[in-house]
Every structure is written in structure tokens, then in C-alpha cells.
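Enquirer: Let me see the structure of the following:
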Amino acid sequence: MIHGLTLGLLHHVVSWLLYPVLIALAVCLLMVLWECGSALAERFGALTRMQTGDALMFEHYAVRRLERVDLLARSGPILGLMGTLIPLGPGLSAMGSGNIEILATAMTVAFDTTVLGLFVGLLGYVLGRVRRRWYEACLQNIEQRDAI
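Expert: Prediction:
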């Protein structure tokens, strides 16, 4: 009795997570696209203007930017995996009862969230690596300028 009640409760809690995961994944996609635009703006002007400032202030700026893209690089695939696994439970149950339409919908959601999560993670990773290189070069320029 407790075993069935516990499993039923667990199933309901997990199924409630699907929409928050989809919303979080959409927010991550918007954020990573925003970060791509910010990176382009940095590359074509903002970084050269920042080199005239203070090294400590630039380091603080760089750390905040890198933390954001690192968070996106890690959270995108996690949310994609959650979006994959959550609809598979009901999809497999539907397959057991012969309802192929529900299974097809669940599989579509599963694959779409996986691809979207990996895309967010890939863009976040690439942005993080590229920005680290840019920021290190800018910081070296600032330190060389201050040493003179």
C-alpha cells in the first residue's frame, strides 16, 4: 500500500517538473543568445574601451561574464536530460497500453529537449572558452600598461 502510494506521488511530482524544465530551457536559450550578442559587442569595441580602465574592475567584470556562460554550459545539458527523461515515463506507459500517439509525442518532446539542451551547452562552452582567451589578453594589456 505504501509502496504504490509512494510511487504514485513520485510520478506526480516528476510530471509536474516538465513545464518548469521546458520554461527554464527556453530561458537558457534566450540567455545564451543574449550572451552571443554581448560577446560580439565585446569583440568589436567594448573590450578595447575596457582596457583603459582599472585591472581589478576588469577582473570583476570578466568573472561575472564567465560565471554566467559557465552556468549556461552546465545547466543546458542538465535541463535537456531532464526534459528527455520526464516524458519518457508516460510515453513508455502509453506504449504498454498500445497508445502510440502519446508515445510519439513523448519521444518528440524528449528528443527536442535533448537537442536544445546540448545546443545551449555547446554555445555556453564555446563562449566561455573564447571569452577566457579575450579576457586574459585584455588583462595582460592592462597589466603591461600599468607596469609602465
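
Enquirer: Which parts of the protein are helices?
Expert: Using DSSP state H, the helices of the chain run over residues 2-16, 18-41, 47-50, 55-96, 100-147.

Enquirer: would CSV of those helices with mean pLDDT and mean neighbour count be doable?
Expert: All C-beta spots, glycine's among them, are computed from the backbone N, C-alpha and C. Below are the helices of the chain laid out as CSV (pLDDT from 0 to 100; neighbours: other C-beta atoms under 10 Å):
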stretch, mean pLDDT, mean neighbour count
helix 2-16, 75, 10
helix 18-41, 95, 16
helix 47-50, 79, 15
helix 55-96, 91, 17
helix 100-147, 91, 16
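
Enquirer: OK, contacts around residue 39?
Expert: By C-beta atoms under 8 Å, 6 or more residues apart in numbering, the contact list for residue 39 reads 127, 130-131.

Enquirer: ugh, wrong one, I meant residue 141
Expert: Contacts of residue 141 by C-beta under 8 Å, 6+ apart are residue 51.

Enquirer: how much space between it and residue 56?
Expert: Separation of residue 141 from residue 56 (C-beta to C-beta, to the nearest Å): 15 Å.

Enquirer: Please compute how far stretch 79-93 lies from its chain's middle.
Expert: Centroid separation for stretch 79-93 versus its chain: 18 Å, with C-alpha atoms, centre = their mean, to the nearest Å.

Enquirer: CA atoms of that stretch as PDB?
Expert: Extracted in PDB, the C-alpha atoms of stretch 79-93 (Å, rounded to 0.1, in the frame of the first residue of the first chain):
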ATOM      1  CA  LEU A  79      17.800  20.600 -18.300                       C
ATOM      2  CA  GLY A  80      17.900  18.800 -21.700                       C
ATOM      3  CA  LEU A  81      18.400  15.500 -20.000                       C
ATOM      4  CA  MET A  82      15.600  16.200 -17.500                       C
ATOM      5  CA  GLY A  83      13.400  17.200 -20.400                       C
ATOM      6  CA  THR A  84      14.300  13.900 -22.000                       C
ATOM      7  CA  LEU A  85      13.600  11.600 -19.100                       C
ATOM      8  CA  ILE A  86      10.400  13.200 -17.700                       C
ATOM      9  CA  PRO A  87       8.200  12.500 -20.700                       C
ATOM     10  CA  LEU A  88       9.600   9.000 -21.300                       C
ATOM     11  CA  GLY A  89       7.800   7.600 -18.300                       C
ATOM     12  CA  PRO A  90       4.300   8.400 -19.500                       C
ATOM     13  CA  GLY A  91       5.400   7.600 -23.100                       C
ATOM     14  CA  LEU A  92       6.500   4.100 -22.100                       C
ATOM     15  CA  SER A  93       3.300   3.600 -20.100                       C
END
